[in-house]
Structures are given as structure tokens and as C-alpha cells.
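1. Sequence and predicted structure are below.
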Amino acid sequence: MTSDRRFPVRLDLEKGAVDMSHGSGGRAMAQLIGELFQRYLDHELLILGNDQALFTPPPGRMVMSTDGHVISPLFFPGGDIGSLAVHGTINDVAMSGARPLYLAAGFILEEGFPLGDLARIVASMARAANAAGVPVVTGDTKVVERGKGDGVFITTTGIGVVPEGILISGDRAEPGDVILVSGSMGDHGVAILSKRENLGFETEIRSDSAALHELVATMIAAVPDIHCLRDPTRGGLATTLNELAHQSGVGMQIREDAIPVRAEVAAACELLGLDPLYVANEGKLVAVCPRDQAERLVETMHGHALGAESAIIGEVVEDPHRFVQMETGFGGSRIVDWLAGEQLPRIC
Amino acid sequence: MTSDRRFPVRLDLEKGAVDMSHGSGGRAMAQLIGELFQRYLDHELLILGNDQALFTPPPGRMVMSTDGHVISPLFFPGGDIGSLAVHGTINDVAMSGARPLYLAAGFILEEGFPLGDLARIVASMARAANAAGVPVVTGDTKVVERGKGDGVFITTTGIGVVPEGILISGDRAEPGDVILVSGSMGDHGVAILSKRENLGFETEIRSDSAALHELVATMIAAVPDIHCLRDPTRGGLATTLNELAHQSGVGMQIREDAIPVRAEVAAACELLGLDPLYVANEGKLVAVCPRDQAERLVETMHGHALGAESAIIGEVVEDPHRFVQMETGFGGSRIVDWLAGEQLPRIC
Amino acid sequence: MCLAIPARITSIDVAADTAKVALGSVGKEISLALIEDAAVGDYVLIHVGYALNKISEEEAQRTLEMIAEMGLLEEEQELDPEPTSTVAGSGGQR
Amino acid sequence: MCLAIPARITSIDVAADTAKVALGSVGKEISLALIEDAAVGDYVLIHVGYALNKISEEEAQRTLEMIAEMGLLEEEQELDPEPTSTVAGSGGQR
Amino acid sequence: MKYIDEFRDKALARRLAETIAAEAHPGRDYRLMEFCGGHTHAIFRYGVQHLMPPNLRFIHGPGCPVCVLPMARIDHAIALATQHDVTLCTYGDLMRVPASERKSLLKAKAEGADIRMIYSTQDVLRIARENPDRQVVFFAIGFETTTPPTAVALKSARAEGLTNFSVFCNHVLTPSALQTILSTAGPDGVQLDGILGPSHVSTLIGSRPYRFVAEQFGVPVVIAGFEPLDVMQSALMLVRQLNEGRCEVENQYTRAVSEEGNRKAQALIDEVFRIRPEFEWRGLGFLPNSALALADAYADLDAEQRFPVEIAPAKEIKGCECPAILRGVKTPTDCKLFGKPCTPDNPMGSCMVSSEGACAAYWSYGRFRASSAQPQAASRL
Amino acid sequence: MKYIDEFRDKALARRLAETIAAEAHPGRDYRLMEFCGGHTHAIFRYGVQHLMPPNLRFIHGPGCPVCVLPMARIDHAIALATQHDVTLCTYGDLMRVPASERKSLLKAKAEGADIRMIYSTQDVLRIARENPDRQVVFFAIGFETTTPPTAVALKSARAEGLTNFSVFCNHVLTPSALQTILSTAGPDGVQLDGILGPSHVSTLIGSRPYRFVAEQFGVPVVIAGFEPLDVMQSALMLVRQLNEGRCEVENQYTRAVSEEGNRKAQALIDEVFRIRPEFEWRGLGFLPNSALALADAYADLDAEQRFPVEIAPAKEIKGCECPAILRGVKTPTDCKLFGKPCTPDNPMGSCMVSSEGACAAYWSYGRFRASSAQPQAASRL
Ligand code: SF4
Ligand code: SF4
Ligand SMILES: [Mg+2]
Ligand SMILES: [Mg+2]
Ligand SMILES: [Mg+2]
Ligand SMILES: [Mg+2]
Ligand SMILES: [Mg+2]
Ligand SMILES: [Mg+2]
Ligand SMILES: [Mg+2]
Ligand SMILES: [Mg+2]
Ligand SMILES: [Mg+2]
Ligand SMILES: [Mg+2]
């Protein structure tokens, strides 16, 4: 970043705050983009300053996915809204089997938000994007009045290219297929809850926020016929399985004992009256594949750092009700329903 | 939409409101998506229910662009946040000369927002997308607590394909090039201001919100060597010209008399102490092209409904200061600077 | 200082002491609390939502004529230039 | 009703009448306003941020043994089954 | 987790199940009412019912404080928040309980009422301290277990001189509900052979208050912990009492329940509260001496007195069988609304809200049993 | 737009310019102070200065209410909003004026103060009515033009019995400032040969109050409209007075300005306000009888009395030449901070904020004249 004659006074990243002029479209916004966003997100397409990014993708099928990120708190153990906004969308792209190519980022800033915090978030976003090899190539910034936002919202959109011969979709689960998860459930949601003021419990648990596209690439290289992939984010594993069952018109049968849940997560859930199966993840995936490929798939996943704790947790069954059923760790059997309402801490 | 056994009680689009459970990821969210979003945005890729959309674009160079829409009021003469979110992003894609292909839409809803208003907005979005032939193929919904949002924010992302031989970018303006606008300036901003409670003036002015990609297609068919295109949105014509001058390292010289401004817009601006050159447009473009193509271009634009009032307003000049200068209607000369701060109504 | 715009009164609400004014085709409601004898068709100067004063059509016309005369260089002029009014003079209205 | 969880006291703030408790590796601060004689190492039942009661290690052990015994079908059993306590009996603690 | 994991052991469960099956006489019914929603929850979450022989049936009782709260009290709370613009604090469990006119606290919050979910009464005090210019009302619910934390908050507020804190009190008393259930039992009421007694309520009140059940009504009681092995052991203890013709109050949950309970907490309750002459319970009607109000010395902190409200009579949902379910005389599938339109996402009655409510438990965990097409077993895994 | 477009005619402007050039004697200077920022704005926006001969120079006066407001008053307003948590309402013009410590109302709002931009005093009344539990303070600024609307609001508030409305009064008086400028004019102060008199102020106060300028100080005055032809005609009228050795108060703006002004508005001001013994003007210091405060009968609606604040002495920006610019003795380019770091985006002084401020006008419209590389003309178009 060279000094720009348009902006004789540099942004004050120590004590400054977002004000309405930063969203005006005028010089103050140009300065915010130049001295903050482009300082970290320094891909040539973004620096160019057009309202869109131009690139030549490899030929073939593409995917596009978008996700708004509205998390509170903005900074949490294991990440922040910036890294999350990168991982969250990369993962949605990757869940089609695609190799993610580029990201777009739309920021909605609340008047009064500290510029220093914004810089931390954007820097984290840049690190996450660099580490994943998926650059942010275009963006947008809006400012809303105080009381009409919540610090920062980031909506990211990703595009990617699907390798030939891969067809992964939520409607492809078939009776007999095997259901896998790539690791422990509930880490992200518990890490977030642990930072909510009034719940105030202490835990070492960190968000699992991570970009899963490389794990996915390894998986489809080994087992091209994966039927479904999905990241169990909001609503947790339970809701994701219900979504897949609904889309594919099948039932599912899982075993509680087989589902990896960290002891700390289990403990925090006991304390709050939550069920870890409904708690959000941001660096895990659910896979559905043909039975005869399952062992090979789980072994491949074990070979990747983000899949080291992968496990087969159940199978797809025929069921006109599209229920997800679970054999409990206690030996009983129950439905694992969609999340109803919000997952709220409870006293009874 | 057939009745879905997951949702025995239909959403109440008359009296219902968004609550936190609609963003939980659970069944309430699935219902909102099924009975509201997919009811209007009924593209097969969206209906499929994956977290991403899969498609095969034509080969070649592509563009991606994203824009957050945070407008207040949500409904205004000539449009609403839904149609605006479609037009705004299609236009940013089109300003590269690209043919827009698909849109992604990320919604951030405030707890308590009436479902009926949301349905109106999504229906309007669907109409705008259908009319433009650019479907919304993937989306996302988040709900924030009351007081942490402002009804609805919509971030749309678009992708498009650039025809071969077209290279349009903000850094291509050259001294001698001619500057054109596609119609009257300031209509959108004045239409919005007219609905702000405390300004309360009455005008027939409607937002010019429109998708410009067909106009652009006509333009590049006639004049493939257009150098720059940009839609003068926030910050208005003045800021857009300064952006282009800055990107290209040139100055600009325009004539106030040549810039189309509706009488009503001029009057409203007098009343509020605003300058129409700084007022936002949502259905207009600025074009920069070689001098010898300018006549042909303006004639082509006149032939399209959205360019009927197109005009040549000035030219690109050499200027190390990258100033935009204007010969005033009164015969004087002045700088047309970047918008400073916000464009606020003033009393002196 | 003091952005004020001439606008035409299109209707008057006597009870509320307010008027609708038009500036071209733009309408606005303003207060008449500061002036008297306003009538529909009058032009008034609007400042922060209040009518400050009426505008005299004849005086405006006189001023424009004066400007036109002044713009004729001395050799073209037939009349002696004259100020449009002086404090001591009879100009000014209301 | 009344979600309550056993957790171990890891430290006590006598002045504030609060304690830190651990449930596995999860820590939480709770109020001791409802119990007396709590000591570090004690297990307490936690409900809405308060310790309700201490948990008796011996009684828990006895209950588990009883369950194990009960789980032996009659023919495997050596001891007569016996309720872990009755109101009239000597069971119960504090 | 100590004291948790051991009581969820699958092998022990299987063996206990075999013992119960072996000891239960095929010729008779064992209709055991679990008073507490906590037991209901455990039974469904761990699938305990289907480890039981068919003639041993759990009957779900009224021991869920959310379920028994009458609609009028939720209406009252919403009126407090909307008519007086107070900050209303409550436990998360209450947020979705249906009020009249398809309202709920969640919807009132969405419409702009200042309603906050708290986890502990300490949070309410903090909110009151941090917002001295707002009136902060704690919407208190719960049985004897949840009452002492409210008492502590009231005492703290008084000691600190917090003038913007008050309590909308809905604490209820277990023995009164038990009394009612038992006195209406019989051919026209619930038919039951034994009772699983409250778990955490008993840690507070002790085991003694249940004597009347055995002595007056001749129904055996086993005070039972909330873990699934606790429930199973207690069921076996009841089977044995019944088989042996005994009728006692036994205590399975000795690791936490004593005869006299928590005397310190009891004293606190006595100091801060007084017994209401009567209080409405959903399903059970107006029961005498069944709930608490603030003692006279604390009357100035009583939100019902501080903020008078006007509310229309509650409009119960037609067809909702919560009252009969709470009395144990019907099961969720007897309700015509169950599943259509009443679901946890659109609860028509309180029993569909709390995870301890019979309808919610039945829907979330047990619904597939009611469905005709049983999916194939997962034994291949 | 009637009464607007006619006065912006390019052809008439060119001919007036030729007349002025012809009549201005090359041997002498015509230093004309436009008192009002409105004139300054018009001169820059329409490029009037460069239609003038080089020896006719406009000197920008102190007639911008935003520019002359001392920093201490902005500090005071911010303190009102932050120390008393009132709703502070003000015209948009003030939002970005620098206060001490690089604060501004805009930044205070961003940090959470409840500061609202209004367009009319009627809006303030509405806000007060709609928020009966909040104190609403109107941060009133302006010369005689803007004062009567404040008076109307005060009278309405009194009549309605609005108890949550008050005014932080900063209305100032034009003649006092003129007096000061003229009494310090001369070798050490501003050198001026004539004055373009206020336009809209004069619609209120009439043309009479300017007599002292001609009579006492021997400086000719022409009361001038705000359209660019008004400015040019007035300049010509001054040139003619000077050439003819006359020294009068002439009125170019007869379509809106009479000798006696708006008597109704004047009476309202007399009723609601009283003259302050002295008041600080940025650049001019503490001037006697130069501003208004609320009359005793309205003292209870005076925010300065209702909400006492503690503020540190204002910290003026070192190097800012606003004071000298407002006195007409320096021009913006004389300021070392002009353009670096002081710009409209980061104003260091009030003259860089208002579009009527000399520095802002100079920056936004006139900067290129100061730049060495003049771009080529656009005559080819
Ligand atoms: S299913 Fe719903 S309506 Fe029926 S009893 Fe249960 S809660 Fe009431
Ligand atoms: S340029 Fe800025 S610092 Fe200098 S006098 Fe003008 S306002 Fe003050
Ligand atoms: Mg997505
Ligand atoms: Mg995602
Ligand atoms: Mg944008
Ligand atoms: Mg906020
Ligand atoms: Mg996903
Ligand atoms: Mg864009
Ligand atoms: Mg756009
Ligand atoms: Mg999503
Ligand atoms: Mg809001
Ligand atoms: Mg654009």
C-alpha cells in the first residue's frame, strides 16, 4: 500500500470507528477500502478496484454458494467471523465435491464499530483465504446506523469447479448406503456458547472452524462415487441428517455410541441441557457413500488431519416417514428429529 | 408447492413475523425456505435444497460481483429491496460487458419482521430475476435479534460470462476518450429521500432501478471497444467519474449542461441543498469509449428503452491530479470532487 | 447561509397554519407560522420547513430587466442604469 | 423437571459464597448460598447456577453395587435383593 | 462424567431389563407414574420404555413446571412486558410456551417486548444493576428445586436496595399436585400402581413429605434419580414392592436425597415466600395451598403488585388434551391435534414445548413407534 | 424553477461579466466582502470569481453559522448528549464539525450518543411527542433567518406543555459581526471596499439595519440575492457606487427584502429570546450583544440550564487559520493544513465542513486553480 494523495490523513486503526461516511460511496469509503480491506485482501483482482472480478475458470461444471455470517461474539476460541466467513463458504462449495476457486465478500458494518477490530477480522479472513488457496477477489461494504446492525455481518459467496465424473447431491442417499462423519460433533457451538456472557462456563474447547476442501479432494480421489456430502452447521448433525433423509426420501439409522463427541462438549451440553447432535460444527462433514466403499473412505479420511477422527455412524434405510432413528448409547432406540425452534439452554 | 408433511401448520403470511427459530437451521427454517423463499424463487437448483448450486457455464472468461443491500425504506416508488438486490448485482456484473448467468442471495432478517413483507420482497425479487433472465440459484437465511438488524438486508452475488474480445475495466480510460451517461441522474436517490419520514416531500419521481445487461449487450455489439462501464450508484455520477479517473490515472472534463437531470430531481435537490451529481442511481451507466466510436455508441443507446436519454457529457483529459472538472451551466468552471462524508440534507 | 428556496403555495390549511407548496412538481408541506396574508398562488421563500417571506413577482421582473439592461455594454444602452432600489428609495416590498 | 448436574468443587471463594466447579474439564462458577460445609473436592448438584446439595460418594457406590446385584437374574444371585434405603431406614444422607 | 456415565451403562441396563422382565408377573399390570418430567425425558431419550416388559407402563405425571403453568400466567407475563415496558427475564424453557391468541414470549420479543433469556437468577440481578433506569422483572417458575435460587435473588436485591428488581412468582409445590392426582385416581381418573418420586425436588424437601402417598393412598413410592439406570432400578423396586404387597416410600436416589432434605434452603423459602391459598395448575385446576407468593416482608418486590395488568381471560386451544395428559388419563396420541397441527415447532399446548413435556417427548423421541411403517433394524452395522 | 432558473442564465452572465470588466477601473482594486456563506457557495459553485476582472476580488466573510460556531459549543452539545443521555436533534450541517479531541457529532453518534439529524424544528417537536420518556434537546444554530423557526417551536412546546423539549441556543446576530469586521478593518485587518449584504437574513431583518455600515464606516453595501446573477448584479452595483463615489445601502434583492423585514417574525424573536451580553464567535472572539438566549419566560426550556455539563476548555487545532479566514484576512491556501491533512473528509476546522465554508468551497470547487498543471480545456466537445 503506497501513500495515496487522495487520503492525506491515514485511517486511525487504533482509536477510529466506522461512521456513516464509510458507507457513503465517497472518498471516506474509498479510503476504508484502500487502507483496510485491500491492505489484507491484496489479490490483484480486488486491488484493481472494479465492481466485479474477471477470471478464466477451468472448463466444466461449476458451483456457487453463499452464506451470511452473523455470529456473536465476533471473536471466539478457534476463530473469528473473518475466518469463519471464509471456511463456511468454502465448505459449502466443497460439499459438492468442487474445488473452490474464488470468494466474494460483502460486509455490513454497524456505525461505531472499531476500525481496529475490523482490521483484525479482515486480516484473519485474508489468512484463512491464503491458507486455503481461495482468494477474495471482489467485495462490497455497507454501513448501517448504530442499532441497525451488530458490529459486522459478512456474506461470502464462493464458486468452484466440480471434477469430471463427480456427482454429489443431497438427494442421492440410497438405502444401504453408509453414513460417516469426519470428526467430533458440537465443538464450534460449544466454543461460541462458552463466550456468551451469562452462560459463562470455562472450557478448552475451540471452534473446529476449518476449510474442508482438501479433505474432500482426498475423499473423492479415493471414492469418486460419494453420494452426499454436507457440513453439519446450524442445527447440527441431527438436522443435517434429516435434511439428507428428506431430500433423498429415505430413513436413516445411526448409533449414538459411534458418534464422536468430545468429553468437554458432552459435559457442557449436560450443563446447559443441550443435545450435542443439535450443536453447530464449522469444520466437519457428513458423508454418505455406498456400503462397499465405506471402509476405503473412512481409511482415506483418517489419513487427513481434518478427518483423523472420522467414523462410520450409521446407514441409510428405507422409510416412507424419512425418520432419522438412533440406537441410544443406553441400548434404547429413538427418533432424532429436526431441531425444533432454537436450541436454547434449559433448566428442565 | 405441495403440502409438506414436515410442516402441518402453514406459515402465516398475513400476521406472522420472523422469529429466532426461523434462523435456527431447524425445521422452522426449512419451512420458511420451503413455503416462502422457494414459493417465489422456484428455480430447480434452488428447490433441490443443496447448500450450493451446480451448473455448466459456457466456456470463457467469467466475472463475479457482490453487493449488500441495506436500503431504508424497504419499499419505495419504483421498486423495493428485492428488485434492487437483483438489479444492483446484475448491473455490476454487466459493467464488465458480461452476460449475467446466475445470482446467489443471502438474507439477514431481523426478528419481528413481518412475513408478509418478506413475501412481497421475495416475490419482487423473483419477478425482477425472471424479467432479467438471471435466476437466483442458491441462497442463505440468517435471523438476528431485534435491534441488531434493520428488517431485511440482502446480499446478492452474480456471475456472468464475458464475450470474447471484450475488455472493459475502470483503468482503461484514455485522454481523448468520450464520457457518456445512459440517462437522467439522481432519480433513485431522490425517490428514496422522498420517503424518509422527516423530509417528507412529494414527488412523482420513481427509482430508476433496472437491470442494464441488455442495454450493455446492445452497446458492446455496436462498439466492442468500450473502455469503461460503471453504474453510478452510491456517491452518484461525481464519485463514479472520480473513481474512473483515479483508476485510469487521467482527468475528466464534463459539461453541466449536457448532464440529463429531471426537473423534479433538480427541484428536490434545491429544496434539500443536495447536488444531483452526488445522488445515487440504480438503472444508469457511465460509459467511456474512444472518440471515434462515441456517436455510434450514443445512437445505439438511444435505440434501447433504458438508454433513450443517453448523452455525451464530456471527455477524458490528461491530468496528473486526476481531477474531474466541470464547465458549469452558468459558464464558470469548477472541480467535481469525490463525495465527502455523507450526502446530508443541509440548511446552509 | 440559510438555504431558502422560492416555492408556490398550492393549498392552505388555515386551522393548522400550514400550506402545501410546489417547487416545480415537487410538493412539500410547510408552516405558515412566520408570515401573514399568504394566498394560494403566492411564491414564498422556504427555509427549514417554514415560509420566511413572500416573493414579489413585480420586483423579480424589475430585477431581471435591470440585469438585462446592465448586460448591455454602455454603448448599447439607451437608459441610464439605476439601482433597483435604495434604502432611502421607494423600492422593497412588505 | 429441574435439570441438575453433579460437578466437583475445585475452589471456593468464601467471601462471595461462590465456588468454581468442574464437570469433566468444563468449569463454571456457581453460588454456594444454598448449602453449608462445602469443601473443595466435594461433588455438588448444580441447578440454575446454584449448588443444591452435596452428593454422597458412598451412597452412589452402594447404589451402583445394588444395581449390579439386581441385574443378576434370580438364579445368579447370592444375596437377597434389598432396597437401597427406606424412609424408615437408616439410609439417606444429610 | 462422574455420577453420570456410570448410571447410563448399557450392559447394566440390559441385565436390569432382564431381571424386571423376569420378576414382573405376566398376569398383572404395573402402571407406574413418573411424577417428574425429568423422568419422562430420560425414559424417552434413552428409550427406557422399550426395555420394559409390555405390562409395565410408564404414565407421565404433572411434574414439569412449564407444562403445568396455566396459559393465563403466560398472558400475564406478556402483559407485564408490553403494558409496562419492563425488562422481563426468564429461563429459556418458557420462551415458546403458547399463550392466548397464538402468542408466546418468543413472539412478544419478536414484536419488540424486552424479554431476555437468563440462565440464573444471578443474571437477573446483574441486568437490574446494569440498567438502573429500567424495571427488571424475573418471571420465576419451578418446583421446590428452582425456588431457593429465587429466594436468594430476592434477599440479595433487598440487601442491595435494588429498587428496579421484582419477581413475578409462579413457584409451585409438588406434594399438593401429588395429592390431587391421587385423590382423583380410580375408575374415572388415572389408574396407577406405583409412583416414581421426584428426584431433585426431593433433594430439597427430603423423602419425608411423600409418606402420605403410601399411608393415605396406599400407593408405593420410590424416589428415583434422573439417570436411566436410576429409573430402571426404581421401576424394579416398585415391581418388587407390588409383588411383595409392600407399600412404602423407598429412596433409590440416596446419593443426593436425605430424609429431611436441604434445611438451609427450606428456611430460605419459609422466610421469603408464603403459601398461596390457591393457584391454578394446567390440567389440575385451582389447587389449595399449591403454590408460593412473596412473603409480606417482600411484597414490595412482587411484580404482580408493582405492575397491575389488564388481561382478558385466557383462551385455551380447543382440542388440546394437555389437562388430561397431565393428570395421566390420556396419552399424547389420544389428542387429535398431536402432530397435526401441534408439533414442537408450532406447539398448541405446553406439553409440546418443554423437552420434559409428554407430547414433546413423544413427538421427538417416540413418534416412530406410532407410525405404521417401522424401518428395518440397524443390526448390520 | 421560477425565481431560480432565470437568475442562473448563462448568456446574461456573460454580458454582465463584460459590463463589469468594462466598468471596473483597471487602476484600482475592488475588494468586495460577501458576508454570507450562501454567496461564497454560489461564487464557487457557479464559478463566478473567474467571470470577474482580476482586480475585482471576493473576500469571504463570517456569514456561515456553522463556521462561526466556536468549538466549545460543539463540545457542549456532545457533553449534553453523552453526560445526560438526551436525544440531541440538529441540522445535518453540524454533524461533521470538528469538536475537541477530533470528535464530532457524527463520531459521538457512532459511539452511541442519541443524535438525530432533523430538517425542521417541527421534526424535533414530533420526536419529543413520540418519546415522552426521553429528554429531547434541539441544538439550535443560525442567524436571524433560522431563529424564527426555533421561536415557533418553543412557543408550540410551551402551548402543548411538552416537558421533555428544550433548546440549546446558539442563534447569532448578523449586525454585530459586521460591526466587528468593520471596526477591525484597515491595515492590520481586512481591507475591503464594499459589502455584499446578507440575502435571507435581510428578508427577516430588512435592509435598514445595514445603514451603519455606510454611515458609520463609509463602506457601501448592496443587499444581494443568492443566485449567481444576483451576485454579479450586486457586484456591478458596488463597482458603480465605488466608481461614482457613492456610499449607500442598496437593495438588489428587492423581490424578497423590504426595508423593515418580516415584522411578525421579529416580534416572535423579541418574545421568545433575549440578547446575550456576549457570545463567542469563532475567529471574532467574544462579541457583545451578538447572540440570543432564551427569554426569562422560556428559561425552563433552556437546555443549558436544564442540563449542566462539565467540559474541558476547547482544544483548538494548532495551525487552523479559520479565525483569520473568517475575518477575511487570510485565504484557505494561506493555511498550512489545507489539503494536507485538512480536507472535507477530515476537516480540522469548521470552514472545511459547511459547503458555505471558505475552505470547503475552495477545496471542492476551486482547488484546481491552485494546482500547477491546468488540464486542457474541454472546448472540443
Ligand atoms: S399434542 Fe399438542 S394440543 Fe395435543 S395435548 Fe399435546 S400439547 Fe396439547
Ligand atoms: S484548511 Fe482546515 S485547518 Fe486550515 S483554516 Fe481551513 S478549516 Fe482550518
Ligand atoms: Mg451456503
Ligand atoms: Mg456454510
Ligand atoms: Mg458494491
Ligand atoms: Mg447493536
Ligand atoms: Mg452447509
Ligand atoms: Mg458489487
Ligand atoms: Mg451494485
Ligand atoms: Mg447457508
Ligand atoms: Mg431495528
Ligand atoms: Mg457498481
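-> Structure received. Numbers count the residues shown, from 1 in each chain, chains lettered A, B, ... in the order given. Ligands and ions are numbered 1, 2, ... in the order given.
2. Please make it C-alpha for all contacts and neighbour counts, starting now.
-> Fine.
3. Is the helix or strand harbouring residue E:265 in proximity to chain D?
-> Using DSSP states H and E, residue E:265 falls within helix E:263-272. Yes: residues of helix E:263-272 are located near chain D by C-alpha under 8 Å from any C-alpha of the partner chain, namely E:264, E:265.
4. Over to stretch E:194-204?
-> Yes: contact between stretch E:194-204 and chain D, assessed by C-alpha under 8 Å from any C-alpha, occurs at E:200, E:201, E:203, E:204.
5. Count residues in the vicinity of the third one, would you?
-> By the other C-alpha atoms under 10 Å in any protein chain shown criterion, the neighbourhood of residue E:203 contains 27 residues.
6. what's the spacing between it and chain C?
-> 70 Å (C-alpha to the nearest C-alpha, to the nearest Å).
7. re earlier: what strands line up against the very next helix or strand once past the helix holding residue E:265, and which way round?
-> The C-terminal neighbour of helix E:263-272 among helices and strands, as given by DSSP H and E, is strand E:273-275. Sheet pairing of strand E:273-275 (DSSP bridges) gives strand E:292-294 (antiparallel).
8. what does the partner strand rub up against?
-> Residues outside strand E:292-294 that contact it (C-alpha atoms under 8 Å, 6 or more residues apart in numbering or on different chains) are E:169, E:170, E:171, E:172, E:173, E:272, E:273, E:274, E:275, E:276, E:301, E:302.
9. Tell me which two in the residues you listed are the farthest apart.
-> E:173 and E:301 (21.0 Å; C-alpha to C-alpha).
10. Of those two, which one has the most company?
-> Taking neighbours as other C-alpha under 10 Å, residue E:173 and residue E:301 compare with residue E:301 leading, 23 against 20.
11. Tell me which residues touch the more buried one, please.
-> Going by C-alpha under 8 Å, 6+ apart, the list of residues near residue E:301 reads E:154, E:165, E:166, E:167, E:294.
12. Quick one: the contacts of strand E:292-294 as TSV, columns for pLDDT too.
-> Shown next, in TSV, are those (pLDDT from 0 to 100):
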residue	pLDDT
E:169	98
E:170	98
E:171	97
E:172	97
E:173	96
E:272	98
E:273	98
E:274	98
E:275	97
E:276	97
E:301	98
E:302	98
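13. Within reach of ligand 9, which of those are there?
-> Applying C-alpha under 5 Å from the ion to the contacts of strand E:292-294, one finds that nothing falls near ligand 9.
14. out of these, which are buried?
-> E:169, E:170, E:171, E:172, E:173, E:272, E:273, E:274, E:275, E:276, E:301, E:302 (16 or more other C-alpha atoms under 10 Å in any protein chain shown).
15. can you put those in CSV and add distance to residue B:128?
-> Below are the buried ones among the contacts of strand E:292-294 laid out as CSV (distance: C-alpha to C-alpha, whole Å):
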residue, distance to residue B:128
E:169, 53
E:170, 53
E:171, 55
E:172, 57
E:173, 60
E:272, 63
E:273, 62
E:274, 64
E:275, 64
E:276, 62
E:301, 57
E:302, 56
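16. Ramachandran angles for residue E:188?
-> Note on residue E:188: its backbone torsions stand at phi -90, psi -10 [degrees, to the nearest 10].
17. gap between it and residue E:329?
-> 9 Å (C-alpha to C-alpha, to the nearest Å).
18. Comparing those two, which residue is more hemmed in?
-> residue E:329 (19 against 8).
19. Direction included, what does the strand with the most length in chain C pair up with?
-> As assigned by DSSP state E, the longest strand anywhere in chain C is strand C:5-13. Strand C:5-13 has its sheet partners listed here by DSSP bridges as strand C:18-23 (antiparallel), strand C:43-47 (antiparallel).
20. Quick check: which of those strands is nearest to ligand 12?
-> strand C:18-23 (31.5 Å; C-alpha to the ion).
21. tell me the mean pLDDT over the closest one?
-> Strand C:18-23 carries an average pLDDT of 96.
22. so, in contact with chain B or not, the next helix-or-strand element following that strand?
-> Going down the chain from strand C:18-23, the next helix or strand is strand C:26-31, by DSSP H and E. Yes: Strand C:26-31 reaches chain B (C-alpha under 8 Å from any C-alpha) through C:26, C:27, C:28, C:29.
23. now, which of those residues sits nearest ligand 3?
-> residue C:26 (44.7 Å).
24. So what pairs up with the closest one in the strands?
-> Going by DSSP bridges, residue C:26 forms beta bridges with residue C:23.
25. hang on, it packs against residue B:267?
-> Yes: shown here, residue C:26 and residue B:267 form a contact pair, counting by C-alpha atoms under 8 Å, at 6.5 Å.
26. between these two, who's got more neighbours?
-> Legend: neighbour count by other C-alpha under 10 Å for residue C:26 and residue B:267, higher for residue B:267 (26 against 21).
27. show me what contacts the more buried one?
-> C:23, C:24, C:25, C:26, F:1.
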